[in-house]
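*Asks:* build the 3D model from these lines:
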Amino acid sequence: MNGFQDREPTDPLAAADSPSWSVRAAAGRRLAAAPRIEDVADVLHRLLLDDQDTAVTSETAVALLARGDLPGLRAVLAARADAADQGTADQLSAELDCDPRWMTGNGAGELIRQLRALTSDTDPRVRDEAQRRLSLLRKDD
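*Replies:* Numbers count the residues shown, from 1 in each chain. Have a look, this model is predicted:
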């Protein structure tokens, strides 16, 4: 592939439709950094469920989780709940399981608080996935 095909369009919404996985992954990272990801939730959801390359899924999920906020975690949980492809579902689970916040007591506590908050989400997919994640934690105790 030549460098021209991998050039990132300046508009991350346009980049999300690129045939290049690396451009789509970069779009996912840029969109995940938006102040209000709710405004681009549909595009982020599509990138999290990318049917061509789990690297796009991974990069987008990592960027959303790095926000450390409810909207980022909520987006990843919703995608995990909707993932029909086993590879994509596994990748999203791995990103949730490997969130660096699990490495510190404060970070893990915050993640658990966020998961508990999302068990009351209005979206049943998010609610169920948050409950499932919490039940997995209880099994490890």
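*Asks:* quickly find the element holding the residue most central in space within the chain.
*Replies:* Residue closest to the mean C-alpha point of the chain, counted by CA atoms, centre = their mean, is residue 61 at 2.8 Å. Element membership for residue 61, per DSSP states H and E: helix 54-66.
*Asks:* and stretch 102-119, which residues are buried?
*Replies:* 111, 114-115, 118 (16 or more other CB atoms under 10 Å). The way it works is simple: take the backbone N, C-alpha and C, and place the C-beta from them, glycine included.
*Asks:* same question for stretch 11-30.
*Replies:* By neighbour count on 16+ other CB under 10 Å, the buried set for stretch 11-30 is 12, 15-16, 18, 20-30.
*Asks:* tell me how far the ends of stretch 116-132 are from each other?
*Replies:* The first and final residues of stretch 116-132 sit 11 Å from each other (CA to CA, to the nearest Å).
*Asks:* what comes up buried for that stretch?
*Replies:* Buried residues in stretch 116-132, counted by 16+ other CB under 10 Å: 118, 121, 126-127, 129-130.
*Asks:* please enumerate residues in contact with it?
*Replies:* With CB atoms under 8 Å, 6 or more residues apart in numbering as the test, stretch 116-132 has contacts from 70, 73-74, 77-78, 80-82, 115, 134.
*Asks:* ok, of these, which come out buried?
*Replies:* Using 16+ other CB under 10 Å, the buried ones in the contacts of stretch 116-132 are 73-74, 77-78, 80-81, 115.
*Asks:* now the helix or strand hosting residue 91 against helix 54-66, angle please.
*Replies:* Assigned by DSSP H and E, residue 91 belongs to helix 86-97. Counting by axes from the mean of the first three to the mean of the last three CA atoms, to 10 degrees, helix 86-97 lies at 30 degrees to helix 54-66.
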